[in-house]
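Asker: Sequence and predicted structure, then a few things I'm wondering about:
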Amino acid sequence: MGEFPVLLTILLAPVAAALIMAFLPREEKLLIKCVAAAGTFTSMALAFYTYFTYDTGTGGVQFVQQIPWIKDLGVTFYLGVDGVSLPLMLLISILGFSAVFASWNVDHRPRDFFILLCLLITGVMGTFVTQDLFIFLLFYEMVVIPIYILIIIWGSTKRVTKEYAGMKLTIYLLIGSAFLLVGVVALFMKTAGILGAPDMSFAGLARAAKSLSQFDQIWMFAVMLFGFGSLISMWPFHSWSPDGYAGAPTAVSMIHAGVLKKIGGYGLIRIALYVLPVGAQFWAPVMAFLGVCGVVYAAMAALAQKDLKYIVGYSSVSHMGYVMLAVGSLSVIGLNGAIAYMFAHGIMAALFFSMIGFIYEKTHTRWVPDLGGLHRQIPKISAGFMLAALATLGLPGLISFIPEFTIFIAAFNKYGGLAVAAIAGVIVTALYALRAGAYALFGPPREEYDHLQDIKGPELVPLVVLGTVLVVGGLLPSLLFNVINCGTIPLMAEINAALQIGGKF
Amino acid sequence: MPVPVVDLSLLAPEIALAVLATAILILGLIVPKGSRFGLSWLAIVGLAGVLGITLAGWENQGTLYEGLFIVDQYAIFFKITFLVAAFLVALGSQRYIERIGDQSEYYSVLLFAALGMLVMASAGDFITLYLGLELMTIAFIILVCFNRTSARSLEAGIKYILLAGMSSAVLLYGLSLVYGLSGSVLIPEVAQAVARHPSPALILGMVMLVAGLGFKISAVPFHMWAPDIYEGAPTPITAFLAAGSKAASFAILLRIFVAALPGVWAYWTTLVAILAAVTIIVGNLVAIPQTNIKRLLAYSSIAQAGYILVGLVTAEATGVKAVMFYAFLYVFATVGAFTVASCFYSVTGSDEIKDYAGLSQRSPFMAAVMVVCMLSMAGIPPLAGFVGKFYLFATVVNDYLWLVFIGLVMSMVSVYYYLKVTLVMYRDEPVDNTPIKLSGPVAVTLLITMAATLLIGICPGPLSEAVNAAANTFFLH
């Protein structure tokens, strides 16, 4: 295969940047930032290239690269993307690039910061570009450590200390992943017994898992649901999320809320649902119910917050509830909505957090009543903030409207009453999003903020990049849905086929 | 009477190591006191040579002295593990030992301890086993109290003598019961006798065997000595004790239980599973409140012993393989972490975790090695410990699912106390800003441990194939 290894390059560009930075003198702050930007830009450019050259006519896994890795575990270093993973890979590359610029003003040990940030981006990226469960896990757990160090050094202590926030987030994710690992180890051993030889690729596992007993599928799905559920901040395992984001530095909040959480949703679809359809069918109503609980509960909680990061933190818990509801609907429309919504939410949450980051950097507070009327003093930040707020409440014309609508259709088809409750959540969302905007931006301006500098130069990059995607994605939803369809239709077809054979509920 | 032909090439590593150790001891008497530093280099280069001989003999297998001494790839693999540990410890401890005692004594005793481990790995009968075990233990007693001016080191030495004596007594009593009931000390013959009639007295003998070796691997409830002795002993010795002596005891445990007593093994799997679970839980939970880095690592090494015990639960090739794989990578993680601690002690005179504040700024390399080694023990990918734990737990997932749950959840708990050390090293500002300078050999030691931990984690294929081959020879007997 003489083809250019595009996915490998996307994956390794940030690592290359990190390596270069490690050998730069720590005083060269600007150069370090430029290297980080160049690395993440390479990734993003190639991710766009991949996204638009993906052949939607053929579908399936494309840009494949396989290197045998660990023989006796059946692990292959198997890179490849399909309609399910492609949008999320694009998402992390966009966010990675924006996060570098959102942290442009980091002056405390910038070299360490950007090295860790680049490693974090690679780790998240790796989970989306691989088609092998072992490699997926490898990348997934790899992100935990950079996040922890980023939070404890560059985080902020407000309502909770940054050490508490970092540790809480880490422990939650690790306990979740411990359960996940139990499921994976069991799945691996049982399927290896069925196939006769170990195979860790998603497709291989799914093929072998068809012969698993119903009980095995159900309990394995349960531990995976717990693992991925605590990652996607599924109610009631969500409490790390607002605290964690509040303690984290801007770039980490962006990447964490934007994409890292989505690994949970992606894992549920790609691994739990695809490999264990019988288990999925058993647990689907539970997923939908917990999802709706999350939507309603977190929206109410967000209403009571006065710290901007807590508002967005709870709002992201609430939005992930929609994703759980959509996954629980077990239909092509639902999965389409879930993936598209994860993409949309990633963009708007990142925009939200980057704007909050700038507000905090300039005013040194995130307390809504203390902010007054910032829209006169820092109009560009305010515009970005409102754009994100409007996307959060699902304004038609912005990227989140169509996916949200799709989710409601799917949910209504399957769970009428629950869907009504979820739709009611939208009203609360509108309430807290608009209220935060009104009190922080459009209240009476405060004198002490008159001298504030609006964002300029490199600081504008997150607003421009994320804002553009937000609007274009809203106006041309087919850009998103055409690709996603290629992934979900065959996925759902396989699930249905498996249910026809084995399912008898 | 025909003279039995002995293929001495099979014994080459042991002979070479014995010659080397004796030579250093004698040279130490000849060479004047001031110029004995060169002897440490002799020991290090010599160890590398012995390691080379052992590696070269990978294909050369056989049995000597009518089954008393077995050289299979299983034994050779463990020998390589011990020699790597001894090499790394020897390389990393030159400066440390220079300050507290005599180079020639230290290095020759260290080599004798390693020799004891080599003999243990090859033991085909209970007498050879005991010889190797005692050689190792007595060498360690000397090493533990090597710092003659430190009350703590001497206290640790006394404790080690008492507990080693006690565990040896228990072990010997167990062996004598097994011998009395089976009429042989050769492991295969004992196996046949056991298979014929397992009696209650035999079971008692086995209990004592487990207890005796349980001391050596510091499995709960035989772990009480470990933290005190680990804390008191000179740090490089602690590293060797934690890595080498533990791996050697696992080598012999496997040999006895999997090869010798398959008939009774069925009674033991549940017991070993419970022992493993308790060891994992106690080790990890008690590590949390520790404020001294050596005590923290001591408890974490107890937990590690629990993980390795998981591989013993299934007496099959997969379990043996997992134990070998984990023992090998555990050597690097342990020696790496302890070498950082010993270096840090040489410079600051402290083992308290709070004094590690700002280490990432004083010596980014040391801090990075510490984090990599600790996270490998916790089993975070892409480090070696992750693959190792995957192999270990994969062996028991079908029969002992609860053990997998406990093991994996507790290993995530362990991340908590490892991260507390990371927190101090990375977040806090140093009180004393002077950078810590590493001597060349120590830097090489740390580099090797870190590189190996990363490499095995990212690319475990070659090692796992070697281990596979070795584990299969184990089942030929």
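Answerer: That came in fine, so what should we check first?
Asker: Check which residues of the helix or strand encompassing residue A:483 are buried.
Answerer: Taking DSSP states H and E as the definition, residue A:483 sits inside helix A:478-502. Across helix A:478-502, burial judged by 16 or more other Cβ atoms under 10 Å in any protein chain shown covers A:480-481, A:483-488, A:490-492, A:494-495, A:498-499, A:502. (Glycine included, C-beta is placed from N, CA and C.)
Asker: Please apply the same query to stretch A:200-211.
Answerer: Buried residues in stretch A:200-211 (16+ other Cβ under 10 Å): A:200, A:201, A:202, A:204, A:205, A:206, A:207, A:208, A:209, A:210.
Asker: Tell me if I'm right that the first one and residue A:72 touch.
Answerer: No. Taking contacts as Cβ atoms under 8 Å, residue A:200 lies outside contact range of residue A:72: 11.1 Å.
Asker: Low-confidence bits of chain B, can you list those?
Answerer: B:1-4, B:259-266, B:475-477 (pLDDT under 70).
Asker: got the residues of it near chain A?
Answerer: B:371, B:375, B:380-382, B:386-387, B:390, B:393-394, B:397-398, B:401, B:404-405, B:408-409, B:411-412, B:415-416, B:419, B:422-423, B:426-427, B:459-461, B:464-465, B:468 (Cβ under 8 Å from any Cβ of the partner chain).
Asker: neighbours around residue B:234, how many?
Answerer: Residues lying near residue B:234 (other Cβ atoms under 10 Å in any protein chain shown) number 25.
Asker: and it, what does it touch?
Answerer: Residue B:234 makes contact with B:93, B:96, B:97, B:100, B:143, B:144, B:146, B:147, B:153, B:342, according to Cβ atoms under 8 Å, 6 or more residues apart in numbering or on different chains.
Asker: my guess is the fourth one contacts residue B:145, does it?
Answerer: No. Residue B:100 is beyond contact range of residue B:145, at 10.9 Å (criterion: Cβ under 8 Å).
Asker: Tell me which of those two has more neighbours.
Answerer: The neighbour count for residue B:100 versus residue B:145, taken as other Cβ under 10 Å, is higher for residue B:145 (24 against 14).
Asker: Now that one, what are its backbone angles?
Answerer: Backbone torsions of residue B:145, given as degrees, to the nearest 10, read phi -100, psi 30.
Asker: which residue packs closest to residue B:14, ignoring adjacent ones?
Answerer: residue B:118 (5.4 Å; Cβ to Cβ, 6 or more residues apart in numbering or on different chains).
Asker: Equivalent analysis for residue B:145, please.
Answerer: residue B:157 (2.6 Å).
Asker: mind checking which helix or strand that neighbour is in?
Answerer: helix B:151-182.
Asker: Tell me the gap between that helix and the middle of its chain.
Answerer: Here the centre of helix B:151-182 is set off from its chain's centre by 18 Å, with Cα atoms, centre = their mean, to the nearest Å.
Asker: One more: stretch A:5-24?
Answerer: 21 Å.
Asker: got the buried residues for it?
Answerer: In terms of neighbour count (16+ other Cβ under 10 Å), stretch A:5-24 has its buried residues at A:6-7, A:10-18, A:20-21.
Asker: same deal with stretch A:358-371?
Answerer: Buried residues in stretch A:358-371 (16+ other Cβ under 10 Å): A:358, A:359, A:360, A:361, A:362, A:363, A:366, A:368, A:371.
Asker: so where does residue A:79 fall, helix or strand?
Answerer: Element membership for residue A:79, per DSSP H and E: strand A:75-81.
Asker: Report the outermost residue of chain A with respect to its centre.
Answerer: residue A:447 (38.2 Å; Cα atoms, centre = their mean).
Asker: If I look at that residue, what pLDDT would I see?
Answerer: Per-residue pLDDT puts residue A:447 at 83.
Asker: do residue A:8 as well
Answerer: Taking residue A:8 on its own, its pLDDT is 90.
Asker: coming back round to it: now the strand holding residue A:79: how far from the chain's centre is it?
Answerer: 21 Å.
Asker: ditto for stretch B:202-213
Answerer: On the basis of Cα atoms, centre = their mean, stretch B:202-213 sits 21 Å off its chain's mean C-alpha point.
Asker: List phi and psi for residue A:211.
Answerer: Torsion angles, degrees, to the nearest 10, at residue A:211: phi -90, psi 0.
Asker: do the same with residue A:443
Answerer: Torsion angles, degrees, to the nearest 10, at residue A:443: phi -80, psi -170.
Asker: any idea how far it lies from chain B?
Answerer: According to Cβ to the nearest Cβ, to the nearest Å, residue A:443 and chain B sit 37 Å apart.
Asker: cool, and residue A:41?
Answerer: Distance from residue A:41 to chain B, by Cβ to the nearest Cβ: 25 Å.
Asker: OK, contacts around that residue?
Answerer: Per Cβ under 8 Å, 6+ apart, neighbours of residue A:41: residue A:97.
Asker: what pLDDT does it get?
Answerer: 94.
Asker: got the residues of chain A near chain B?
Answerer: Counting by Cβ under 8 Å from any Cβ, the residues of chain A near chain B are A:68-73, A:137-139, A:141-142, A:144-145, A:148-149, A:152-153, A:163, A:167, A:170-171, A:174-175, A:177-179, A:181-182, A:185-186, A:188-190.
Asker: Give the buried residues for stretch A:341-354.
Answerer: Buried residues in stretch A:341-354 (16+ other Cβ under 10 Å): A:341-354.
Asker: likewise stretch B:358-376?
Answerer: Of all the residues in stretch B:358-376, those buried under the rule 16+ other Cβ under 10 Å are B:358-363, B:365-376.
Asker: What spatial separation is found between residue A:273 and residue A:228?
Answerer: As for residue A:273, its distance to residue A:228 is 10 Å (criterion: Cβ to Cβ, to the nearest Å).
Asker: just checking, what packs against the lengthiest strand in chain A?
Answerer: When chain A is parsed with DSSP state E, its longest strand is strand A:62-70. Under the contact criterion of 3 or more Cβ pairs under 8 Å, 6 or more residues apart in numbering or on different chains; DSSP states H and E, strand A:62-70 touches helix A:6-22, strand A:75-81, helix A:133-142, helix B:461-474.
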